[in-house]
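S.K.: Give me the fold of what follows.
(5 chains, ligands or ions: 4)
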Amino acid sequence: MSADLFRTERLTRRYHNDGREVPALTDVDLRIAPGARLGIVGESGSGKSTLVRLLAGLDRPTSGRVWFEGTQITALPERRRGFLRASVQMVFQDPRSSLNPRMRVGDIITEPLRSRLLRPQLDGLDHRTRLAEVLAAVDLEPDAADRYPHEFSGGQRQRIAIARALAPKPEVLIADEPVSALDVSVRAQVLNLLTDLVAAEGLSLIVVSHDLLVVRHLCDELAVMRAGRIVESGPTEQVYTHPSTEYTAALLAAIPRIRTGPGEPGASR
Amino acid sequence: MTLLEVCDLTVTFGRHRRPALDGVCFSLDAGCRLGVIGESGSGKTVTALAVMGLLPEYARVSGTVELAGHQITQLSESGLARLRGDVVSMVFQEPMTALDPTMRVGRQVAEVLRLHAGAESGPARAAVVRMLAEVGLSDPDRVADAYPHQLSGGQRQRVILAMALINAPDLVICDEPTTALDVTVQATVLAKLDEVLEASGAACLFISHDLAVVSQVCDQVVVMLDGRIVETGSVADLFANPQHPYTKGLVAAAQLDAATPGQRLPVVEDFYQPDAGAKR
Amino acid sequence: TDGGGATPAQAKTLVVGATLEPASMDAWHNPDASIPQVLLYNVYETLVKVDSDGALKPLLAQAWEISPDRLTYTFHLNPAAKFASGNPVNAAAVVANLDRMKADAKLTGTLQAQLAPIASYSALDEHQVQIKLTHPSLMWLYDLTTTVGMILDPAFSGDLNNATAGSGPYAFASHDKGQSVTLAANTAYWGTPARFDKVVFRYFLDPNAENAAMLSGDLDIISNLQAPDALAQFSDTSRFTVINGTTNGEVVLGLNHTTKALKDLKVRQALTMAIDRKALLDTAWNGQGTLIGSMSVPTDPWYEDLTATNAYNPQKAKQLLKEAGYANGLTLRLRVPVVPYAVKSAQFVASQLRDVGVTVKVDELEFARWIPEVFTKGDYDMTIVAHTEPRDFGKFANPKYYWHYDSKKFQQLYANADAASDEAQAVAGMKASLRYLADDAAAIWLFALPNLVITKNTITGLPANASSLSFDLTSIASR
Amino acid sequence: MQLAGRILKRLGVFVVSLVGASVLIFVITQALPGDVAQTLLGTQATPDEVAQLRAQLGLDRPLIVQYLDWFGHVLVGDFGVSHLSGDSVISLLLPRLAVTMWLVGLSMVGSLLLAVPAGMVAALKRRSWQGVLVSASAQAGMAIPVFWGGILAVMVFAVWLRWLPANGYVPLSENPASWARHLVMPVVTLSVVQAAVLIRYVRTALVEVLNEDYYRTARAIGWRPMGALLRHGLRNAAISLVTVLGLQVSSVLVGAIVVESVFNLPGLGSLLLTAVAQRDLLVVQGTVMFLVLAVLVISALVDFSYVLIDPRQRAVQEGR
Amino acid sequence: MKKAQLIAGLLLVGVVTLAAVVSLFWTPFDPIQVVPGQRLQPPGPVHWLGTDGFGIDIFSRMLVGARTTLLVGIISVGLAAVIGAPLGMLAGQAGGWIDDVVMRISDVVYALPALLLAMLLASVFGASTLTAMVSIGVASIPAFARVARAGTLQVMAADYVLAARASGTSRWGIAGRHVAPNIAPVLGVQSSVGFAMAILAEAALSYLGLATPRPNPTWGNMLRDAQDYIFVAPLQAVWPGLAIALAVLGFNLLGDGLRDYLDPRLREVA
Ligand SMILES: Nc1ncnc2c1ncn2[C@@H]1O[C@H](COP(=O)(O)OP(=O)(O)OP(=O)(O)O)[C@@H](O)[C@H]1O
Ligand SMILES: Nc1ncnc2c1ncn2[C@@H]1O[C@H](COP(=O)(O)OP(=O)(O)OP(=O)(O)O)[C@@H](O)[C@H]1O
Ligand SMILES: [Mg+2]
Ligand SMILES: [Mg+2]
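M.R.: Ligands and ions are numbered 1, 2, ... in the order given. Presented below is the predicted three-dimensional model:
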């Protein structure tokens, strides 16, 4: 039981929009083993972001529970979530809006280290050395620390976001659409970086994406979501090659592929 | 017959900055589909805006853009306004924000007709509904009466497509029309675009950084890098057989499904090293 | 047919600009000077009135007699006099008025005080009234020319706030709150008929607005120009006539006689000498007004020019201060209400007293706050305020009054003068009292406010001086 | 059902705000030194007489009793009686309210009529001299005190040209032509001064619109810049502008007090000033309650107007 | 262009500040000494801007007036910002009933005429520059609270705030590192507008005897005094009027310029 990294039980989250209920997540039961690399896919609005926000303890469920390393975190007050914050870090979709435009990169990256919640867990970690380490880890020049986010390209910004997530030495990295705002040339860099880091630091990884190819590249396990429920899950290759639901099959079929062979243009064929 | 001829187009923003476009030349024949690819910031959108004559007034433009016999760079604002929406139209990237949130989409589409054909609202409405149906909206009447926020991303994107096509323009410019959509929706929108372009015989300038998408829509491609065109060719040739190292890198990096999961992906830098300082 | 240039019957309207708007038309329960300004002599008439030069004139009473002991007054009413309602103004009406006021507990304090000397009264016949006093008083007959003497139609039973019932040439017509009070001619007037069909008093909070209305031709008269510096605006004699007379308003720099330093005559004299009052008048009030040396204005029968007493002499002032033990300076609080003459004078005074080593802390107070703090509680050293009631120097005889001037000598002088058994003696006594006040530097009299009236050139007959609270319309005519 | 709930909640908040305001107003006015008894009796009265009158007027009761008495009556629409004139506060207020409402309402309209076109020029031509000129004059206009502008207008149009009456007011019901002639200058003065402030906001809102995708779409389908801005810009800009307008109302009300004094209009401002000066507290409290009520109503209207302007507010939002 | 704005603003505000500082040590004439024979002199070599109705050198009074004017602006805006901005941030960050309560209170304060407060303070403490500053300041709190709240809501919706929360940053940390710096520019603009309002409000209050008493000069009360001489000596009104206009303009330019300058994203854009 405590062998699970994350476990959820009938996790439900409903949003209230001006009185109307939006069921973003309904009765999700999920187990994630330590060291797992889980991909969550699904169409827009299917509840992927909601699910990971609940896992990261950034939101409270309407009902249901979440355990992290055997501790139930749903009922925990914010000030006792330090261990969670130290262990689980997030990377967001849009590298532009996830970095405060008015902070220097160095301050952005070391912000988690300054948190009072995390300090007990991070005893003795020197900010400067850690900053240098993570900058090196994401392959950024050391002088990047003194600049502002807008001075970087999209790919570099996403690397800054990753560096921030790495700074407090987390065990789990949650990435919510980490590459969908990036163009192909940069996408490859970031995906490589993530692959390397996960291998090098022994991180558990949870990746949200609507791009099945990204998930397939990064993850060994896959969960497919639709309308707030997990409709299919299993090892990536299996789901990828033998989808058991029509929905998954449709998702797979829609993946655009470079057409290099001769023939009439047109996606319909 | 050449519909669009861009020659030595150079665009600079601000006095001390590197040109956003630097001597861009290409041409597009009537009824043809030209893809423009390249990394973010390479000048794709600027090219499209230059053709539309929609560059901000502080942009300094040199070179020529000739569209259907008009010198775009010489035209007055009212001359341009006559061309836009009639001879040339544009499909924008963000379906969420490209429509006026306070106006019913039917009226927004009808506006295009009224601006150019001077159509009455009665017949315009019929034309609008017909067009909405043509771009694959199953319930065009309801859609016409909806506000943008009441439509899904895919529906909105198709409304924009309808706006771009309703006057049967000679050239449709699509600037990353599907990046905001999820894969399934993207697939249907692209299919519909292909279909209506085919039917209307309009030429298309298709901008995307997603090589796979371009390869499905276009027959010709230009590759842009730092405001310059580095390679041109047919889709089949260029993607199968890239010549310029940058293109090689781009094609390799884009092929996620070709790589073994978990293995290192090829990146552009493996093929092409930009000269120091050129790239920030 | 009508004669040559006679214009067809067109309503003749006179528009008068004024500053303070009356809250109601009831002068008996509301001490606001703005009410008699409109009503006195115009709507309500008195037995006796005071003219522009301060002389007593017959009005409802054609004549009156005073007994040799100065205790019994007999008034002979004009038999023609009648109220607007048509009822006669007879002895019974006068008696009814006195009855009414005596019985009214809510009557304003001023009126009650003015009624106090009356011992008894009676109607001798249809047209004769006799009033007996408890003690001789020179002032009493003058009081009778003010609000207390107004005769109300005894038949009237309406709401005094919004209606009038007098015997004057005009009657109250309407009150447009926040804007104006309109009087209409009393067509049945018993005397010289009203020359205007309508008289509108328009009220202005902002003096500039009033001036602008005059300049643009919207007003016929500005009843009292608020800022004398604006006089230049009306210098075009082809359009405007400026009347520059006197009022009863003495601008007094009041000294609090309970303040230690101010108990010392030398200090009071020094302060008086330190202020160049001629320069003050020129600077603060554009030279308009009259310099006075004591609590009396030129229209008073006992007026004397006392400006030479304690005349401007800063050297002497310093000397006196030194003698009084304030060689090293003296700090005094000058607390003034926010009215133009007071704040401007205060600035001047502060500057000149600084020259002789007196530090003045100026404190500007809203009038509603000035009353409880300065006037009632006496929390001040010096203050500046105009005393606009006519013939009011008797206040110095009241040690409880806010100056707390407690001079037995003066009280004696004043009482003797008021009770003197013949008029000449009384006037002489008053002069002596006023001289005493000046010598004793009981206060510092800065100047008497001018009566600055601006009229269109077509308007004639305005009295030169504002010797009563009334804005007397009876003599005004238009060409 | 849901709507009813929301309206009820809004109403509840509204009432609570009013109660809070009434307490605040009462406390502030009661804390002012001096009282109406003193004003009524003038400078002749003895302290005893003042105390007697206070008792008569009920001013000597405990404050809480006075408050409850007053507010209890206010709740049923009875604002009491002016101690000074004996008129009911409502009968004093209503005619004044009409004047101020005309002044403020017309000025808001006037300032919009000035600021919107000017703001459009300032936004569209922000890089050329026309735009800079508009922005600069707006900045300069903001720095001119209202009373100064008013006096200038009077000098020119009433004193020199004699086109208009210098000041005063005639009710609309009495003589519409005269009403208009009396209101022209105050309204224009207030409009111009407010417009100077408003232009800034209009410009900002429109510049934002210029950067919106839908504006670009409108241009792309063949609108000229001005046309696109008129057709698609204004309504969207209005969404942020109504908020500003709602905020402006309060400052227009303040400006109105000054303008009322310059043009001698019998509005709420002069009523408030004289009532405060005379410590006619029931009138003060009544007037301020009305002002607060007006501001609260307007802010509620602003919220409501979002729904009219922005269809996204009409239905329930879809979320992020 | 952007820089020009900032420089012009700095220049104007600099002149005002300089005048205020200089007046501490030197004025050509005594700024409160009445000189009876010298009233209403036109500008000339001795009295550069002429003299006022009391014969006092206007230039000297302008210098000293700069001091009070600056003080009134700074203190009242400072007070409003120091109280209003945190309240608005609190409302925006906390949401829920706290938001409701704070904003409704602010609505009520907003609706109350500042005049009443000024009268109250003046009656309790005596009318002074300070009471005027405090009442103007308090009356401006709601504006700051609203602006701060609106900005806070925007910031709170940004991903970087979510990221900060994810990394365990406390409410205070978010307020200090993310919300405050991002709403500072709009608060700056609000301050410059508020500054202008404060100067004019002080003038209006001193008109009613609720602010700086004589003989201390402020541009506001000089302007008010000048009204009496509008026909005789119109220039009297021009000097303080011009000074107020320029100061207001200066602070506006400075506010806008600073906002653009402080935004790292805009710094090098033409
Ligand atoms: N803060 C919120 N308030 C109200 N509704 C919300 C909120 N966040 C999400 N929702 C709604 O919940 C549903 C699920 O949202 P979620 O963001 O989890 O989807 P997603 O799978 O991440 O989609 P995407 O791929 O577009 O990011 C959607 O319908 C969304 O509109
Ligand atoms: N309005 C503008 N002002 C200043 N610089 C601009 C402007 N528009 C574009 N640029 C600059 O011109 C260059 C090319 O931009 P462009 O938008 O054409 O890129 P793109 O290829 O469309 O990139 P993306 O894929 O991100 O849309 C960039 O360096 C950009 O910063
Ligand atoms: Mg999501
Ligand atoms: Mg682009």
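
S.K.: which helices and strands sit right next to the helix or strand that contains residue C:452?
M.R.: Using DSSP states H and E, residue C:452 sits in strand C:444-456. Contact partners of strand C:444-456 among helices and strands, from 3 or more CB pairs under 8 Å, 6 or more residues apart in numbering or on different chains; DSSP states H and E: strand C:221-222, strand C:240-255, helix C:265-274, helix C:277-284. Quick note: C-beta positions are derived from backbone N, CA and C, even for glycine.

S.K.: will you turn these into a markdown table that also has distance to residue C:48 and mean neighbour count?
M.R.: Formatted as a markdown table, these follow (distance: least, CB to CB, whole Å; neighbours: other CB atoms under 10 Å in any protein chain shown):
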| stretch | distance to residue C:48 | mean neighbour count |
| --- | --- | --- |
| strand C:221-222 | 26 | 26 |
| strand C:240-255 | 17 | 21 |
| helix C:265-274 | 37 | 23 |
| helix C:277-284 | 33 | 22 |
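
S.K.: Which among those is found nearest to chain A?
M.R.: helix C:277-284 (56.6 Å; CB to the nearest CB).

S.K.: Find the nearest non-adjacent residue to residue E:93, please.
M.R.: The shortest distance from residue E:93 to any non-neighbouring residue, by CB to CB, 6 or more residues apart in numbering or on different chains, is to residue E:152 (5.9 Å).

S.K.: For that neighbour, which three-state class applies?
M.R.: helix (DSSP: H, G, I helix; E, B strand; the rest coil).

S.K.: now the helices and strands packed on strand C:444-456 as CSV including mean pLDDT?
M.R.: Below are these laid out as CSV (pLDDT from 0 to 100):
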stretch, mean pLDDT
strand C:221-222, 94
strand C:240-255, 91
helix C:265-274, 93
helix C:277-284, 91
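
S.K.: can you redo those as CSV with distance to chain D?
M.R.: What follows is these, written out as CSV (distance: least, CB to the nearest CB, whole Å):
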stretch, distance to chain D
strand C:221-222, 12
strand C:240-255, 12
helix C:265-274, 23
helix C:277-284, 22
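
S.K.: Save those as JSON lines, and put in distance to residue B:68 too.
M.R.: Putting the helices and strands packed on strand C:444-456 into JSON lines (distance: least, CB to CB, whole Å) gives the following:
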{"stretch": "strand C:221-222", "distance to residue B:68": "77"}
{"stretch": "strand C:240-255", "distance to residue B:68": "77"}
{"stretch": "helix C:265-274", "distance to residue B:68": "94"}
{"stretch": "helix C:277-284", "distance to residue B:68": "82"}
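
S.K.: if we compare the ones you listed, which one ends up closest to residue D:87?
M.R.: Evaluated over those, closeness to residue D:87 peaks at strand C:221-222, with 27.9 Å, by CB to CB.

S.K.: Just checking: what are the partner strands of the closest one?
M.R.: strand C:13-18 (parallel), strand C:444-456 (antiparallel) (DSSP bridges).

S.K.: Spatially central residue for chain D, please.
M.R.: By CA atoms, centre = their mean, chain D has its centre lying nearest to residue D:253, at 3.1 Å.

S.K.: Burial check on residue D:83, number of neighbours?
M.R.: 23 (other CB atoms under 10 Å in any protein chain shown).

S.K.: what's the pLDDT at the residue nearest to it when sequence neighbours are not counted?
M.R.: Closest residue to residue D:83 apart from its sequence neighbours, by CB to CB, 6+ apart: residue D:36 at 4.6 Å. We have a pLDDT of 79 for residue D:36.

S.K.: ok, residue D:36 touching residue D:281?
M.R.: Yes: Residue D:36 lies in contact with residue D:281 (CB atoms under 8 Å); the separation is 6.5 Å.

S.K.: anything in contact with each of those two?
M.R.: Listed contacts common to residue D:36 and residue D:281 are nil; contacts here mean CB atoms under 8 Å, 6 or more residues apart in numbering or on different chains.

S.K.: Please identify which of the helices and strands packed on strand C:444-456 is closest to residue D:131.
M.R.: That would be strand C:221-222 among the helices and strands packed on strand C:444-456, by CB to CB, at 47.3 Å.

S.K.: Please compute how far that closest one lies from its chain's middle.
M.R.: 18 Å (CA atoms, centre = their mean, to the nearest Å).

S.K.: so where's the chain uncertain?
M.R.: Just going to use chain A. A:1-2, A:17-20, A:118-123, A:260-269 (pLDDT under 70).

S.K.: wait, chain D
M.R.: Along chain D, the model assigns pLDDT under 70 to residues D:1-3, D:43-45, D:313-320.

S.K.: number of nearby residues for the residue nearest to residue E:93?
M.R.: 28.

S.K.: picking that back up, quick one: the strands paired with strand C:221-222 as a markdown table, columns for mean pLDDT and distance to ligand 1 too.
M.R.: Listed next are those as a markdown table, based on pLDDT from 0 to 100; distance: least, CB to the nearest ligand atom, whole Å:
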| stretch | mean pLDDT | distance to ligand 1 |
| --- | --- | --- |
| strand C:13-18 | 94 | 65 |
| strand C:444-456 | 93 | 71 |
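
S.K.: Just send these back as a markdown table, with mean neighbour count and distance to residue C:379 too.
M.R.: What follows is the strands paired with strand C:221-222, written out as a markdown table (neighbours: other CB atoms under 10 Å in any protein chain shown; distance: least, CB to CB, whole Å):
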| stretch | mean neighbour count | distance to residue C:379 |
| --- | --- | --- |
| strand C:13-18 | 22 | 32 |
| strand C:444-456 | 24 | 19 |
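
S.K.: can you put the ones you listed in TSV and add distance to residue E:141?
M.R.: Output for these, formatted as TSV (distance: least, CB to CB, whole Å):
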stretch	distance to residue E:141
strand C:13-18	40
strand C:444-456	43
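
S.K.: Could you grab the helix/strand/coil label for residue D:229?
M.R.: Residue D:229 is classified as helix under three-state DSSP.

S.K.: ugh, wrong one, residue C:173
M.R.: Per three-state DSSP, residue C:173 ends up strand.

S.K.: Would you agree it is in contact with residue C:180?
M.R.: No: Residue C:173 is beyond contact range of residue C:180, at 10.4 Å (criterion: CB under 8 Å).
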